[in-house]
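In: only geometry, no sequence info:
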């Protein structure tokens, strides 16, 4: 019996074995903790990026849906009913694409284009029009850099306001339309500083190219500007006179909030440097290349970004070059 007890004791763990096992267990726990920490960090980072760009995606969808509804209600008539000399396209409405912040247009210069148009959105501030459908509204989109203090709830202090780039939406109620008052210019757009709201934060660029379908080798439309009223009274009329372009190539570029916070007071100047020299001319040749250049510049600055690009067929367009 004694010898059997001694054999049983000899089959147990030694101090050295226990120390080795403890060390191995500690190493496994350290590795597992590290993996859990890294996984959590990746998950938080991914969630933050998804959340950061959800607003931009929603803003992009709002923009594209509105543009699809743009109309000019174009019709044909004599130039002067009392003394007719020529038959031409006419419209009391206006479709305008131009550089943001230029020629009195709202928006921050260097952020791409602003677009203004009319669409049957059915916005009205009067109960007298309740139940009516197809009401025309003036609409506009552009990128603006500035504070969000005007849209923050009253209980949030001014010191918590944020300076950011934002995609802005302007919509003028049906009963307030001024587009009819100046039928030959863009004075109606100067009222776009009212009735404007931000639809997405951290959108740094809105790029709009009015274009044609098919071959882009020799396009009639090869500019980042479009004015349906420009030279509309000339004879012959230009192709753009009182008609919508067949397509709009639209892109927005958004950055994440983490990058905006990190850049702080250098946010506007950094983005301006990234946008410098891009989206100025010849979009048929440069649109895609300039977008790649912008993305490359943002990546060099370690700025998280996402680009949204689409081509919008203009449903009301009856293009005739």
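Out: All right, it came through fine. Remember, it's a predicted structure, so these values are computed and weren't measured experimentally.
In: going forward, measure contacts between C-alpha atoms and count neighbours the same way
Out: Noted.
In: Where do the strands of the protein begin and end?
Out: 75-78, 87-90, 96-99, 113-119, 137-147, 163-172, 196-201, 203-211, 226-227, 247-255, 305-313 (DSSP state E).
In: What strands line up against the shortest one, and which way round?
Out: Strand 226-227 has the following strand partners under DSSP bridges: strand 96-99 (antiparallel).
In: give the contact list for residue 85.
Out: For residue 85, the contact set (Cα atoms under 8 Å, 6 or more residues apart in numbering) comprises 78, 79.
In: nope, residue 28 is what I was after
Out: Residue 28 makes contact with no residue under the criterion Cα under 8 Å, 6+ apart.
In: what does the model give it for pLDDT?
Out: Residue 28 carries a pLDDT value of 90.
In: how near is residue 317 to residue 275?
Out: 31 Å (Cα to Cα, to the nearest Å).
In: Between the two, which has more neighbouring residues?
Out: residue 275 (22 against 18; other Cα atoms under 10 Å).
In: residues contacting the more buried one?
Out: 110, 111, 294.
In: With respect to residue 280, which of those is nearest?
Out: residue 110 (9.6 Å; Cα to Cα).
In: Run a quick neighbour tally on that closest one.
Out: Residue 110 has 24 nearby residues by other Cα under 10 Å.
In: correct me, but it touches residue 142?
Out: No. Residue 110 is beyond contact range of residue 142, at 11.2 Å (criterion: Cα atoms under 8 Å).
In: shared neighbours of these two, which are they?
Out: Taking Cα under 8 Å, 6+ apart as the contact rule, the neighbours common to residue 110 and residue 142 are residue 100.
In: ok, back up a step: as TSV, the strands of the chain with mean pLDDT and mean neighbour count would be great.
Out: Formatted as TSV, these follow (pLDDT from 0 to 100; neighbours: other Cα atoms under 10 Å):
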stretch	mean pLDDT	mean neighbour count
strand 75-78	91	13
strand 87-90	91	17
strand 96-99	96	22
strand 113-119	96	26
strand 137-147	95	24
strand 163-172	94	24
strand 196-201	93	19
strand 203-211	97	26
strand 226-227	96	21
strand 247-255	96	22
strand 305-313	95	16
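In: And those: which comes nearest residue 183?
Out: Across these, residue 183 has its closest neighbour in strand 87-90 (10.3 Å, Cα to Cα).
In: Can you list the strands that that closest one pairs with?
Out: Partners of strand 87-90 in its sheet, by DSSP bridges: strand 75-78 (antiparallel).
In: now what about the strand it pairs with, what contacts it?
Out: Applying Cα under 8 Å, 6+ apart, the set of residues contacting strand 75-78 is 84, 85, 86, 87, 88, 89, 90, 91.
In: Make JSON lines from these and add distance to residue 246 to it.
Out: JSON lines is the format used below for the contacts of strand 75-78 (distance: Cα to Cα, whole Å):
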{"residue": "84", "distance to residue 246": "30"}
{"residue": "85", "distance to residue 246": "29"}
{"residue": "86", "distance to residue 246": "25"}
{"residue": "87", "distance to residue 246": "22"}
{"residue": "88", "distance to residue 246": "19"}
{"residue": "89", "distance to residue 246": "16"}
{"residue": "90", "distance to residue 246": "18"}
{"residue": "91", "distance to residue 246": "17"}
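In: The residue lying closest to residue 185 once chain neighbours are set aside - how many residues pack around it?
Out: Distances taken as Cα to Cα, 6 or more residues apart in numbering put residue 229 closest to residue 185, at 6.9 Å, once the chain neighbours are dropped. Using other Cα under 10 Å, residue 229 is surrounded by 23 other residues.
In: now residue 60
Out: 24.
In: Which residues are in contact with it?
Out: Contacts of residue 60 (Cα under 8 Å, 6+ apart): 252, 308.
In: quick one: it and residue 146, what's the gap?
Out: 20 Å.
In: how much space between residue 98 and residue 202?
Out: Taken as Cα to Cα, the span from residue 98 to residue 202 is 21 Å.
In: swap in residue 33?
Out: 35 Å.
In: Could you check which of those two has the larger neighbour count?
Out: Using other Cα under 10 Å as the criterion, residue 33 and residue 202 rank with residue 202 on top: 25 against 12.
In: Can you report phi and psi for that one?
Out: Note on residue 202: its backbone torsions stand at phi 60, psi 20 [degrees, to the nearest 10].
In: Tell me if I'm right that it and residue 259 touch.
Out: No. Contact criterion Cα under 8 Å: residue 202 and residue 259 do not qualify, at 9.6 Å.
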